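In: This is the structure alone, sequence omitted:
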């Protein structure tokens, strides 16, 4: 089923059956784009994967480009909800960062195609690519400022630090989840990776 958020560039289905079909198309598109890339993917192959009639595709999307934009937005929302579901009000600011990263790494382990799809968005639809990262950075910046306000983090943290943290998270996921699985058949445990990154945030790299 669809999560309870609107999917940009998709025509809003009016029935539960329509919502299930839209979900099937998005899931099939993730597999198709993840395996073949945008340019080699085809609408006919996506509908076959989804078990949906080719003609039905245009009930939901005007084009392959529209489907791709919708998929990027859908994946961005999934990344957001996976992180949010891992957080609780009882966590310290540092624990929040660890839990959010671990949740992202678990998501990446289950949906490794997210890396290829988001990377391709830079060229297929630059606006979606930029919005994806700007939205994530804004959420991290908000958390960092909240940690500063509570006295757990130093004052003055904001956008620059948020982009640095996000970049670290993204590339750690690429190296230790996606690439590691390609090399050995299994990745490093997300919680263990998140704990090490969290230690780096807490202690820095200077000898004390």
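Out: Looks like it came in fine. All values derive from a computational prediction rather than experimental measurement.

In: which of the residues in the helix or strand hosting residue 47 are buried?
Out: For residue 47, the enclosing helix or strand under DSSP states H and E is helix 43-50. Neighbour counts over helix 43-50 (16 or more other C-beta atoms under 10 Å) mark 43, 45-47, 49-50 as buried. Heads up, the C-betas are built off the backbone N, CA and C, glycines and all.

In: All the helices of this structure, residue numbers only.
Out: 16-36, 43-50, 54-60, 64-85, 93-110, 113-124, 126-149, 159-173, 180-184, 190-203 (DSSP state H).

In: okay if I get these as a markdown table plus mean pLDDT and distance to residue 7?
Out: Output for the helices of the chain, formatted as a markdown table (pLDDT from 0 to 100; distance: least, C-beta to C-beta, whole Å):
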| stretch | mean pLDDT | distance to residue 7 |
| --- | --- | --- |
| helix 16-36 | 96 | 7 |
| helix 43-50 | 98 | 15 |
| helix 54-60 | 93 | 9 |
| helix 64-85 | 95 | 5 |
| helix 93-110 | 96 | 18 |
| helix 113-124 | 96 | 15 |
| helix 126-149 | 96 | 12 |
| helix 159-173 | 97 | 23 |
| helix 180-184 | 65 | 28 |
| helix 190-203 | 94 | 27 |
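
In: nearest to residue 10, of those helices?
Out: Distance to residue 10, taken as C-beta to C-beta, is lowest for helix 64-85 among the helices of the chain, at 4.6 Å.

In: And the contacts of the closest one?
Out: Outside helix 64-85, the residues within contact range by C-beta atoms under 8 Å, 6 or more residues apart in numbering are 3, 5, 7-10, 25-26, 29-30, 33, 38, 41-43, 46, 57, 61, 99-100, 103-104, 106-107, 111, 114, 117-118, 121, 124-125, 128-129, 131-132, 135-136, 139.

In: 7 Å instead?
Out: 3, 5, 7-10, 25-26, 29-30, 33, 38, 43, 61, 100, 103-104, 107, 114, 117-118, 121, 124-125, 128, 132, 135 (C-beta atoms under 7 Å, 6 or more residues apart in numbering).

In: domain assignment for this structure?
Out: Domain ranges of the chain: 16-66, 86-203, per automatic domain parsing.

In: about what we covered before: any of the contacts of helix 64-85 buried? List them.
Out: Looks like these have 7, 9-10, 25-26, 29-30, 33, 38, 43, 61, 100, 103-104, 107, 114, 117-118, 121, 124-125, 128, 132 buried, using 16+ other C-beta under 10 Å.
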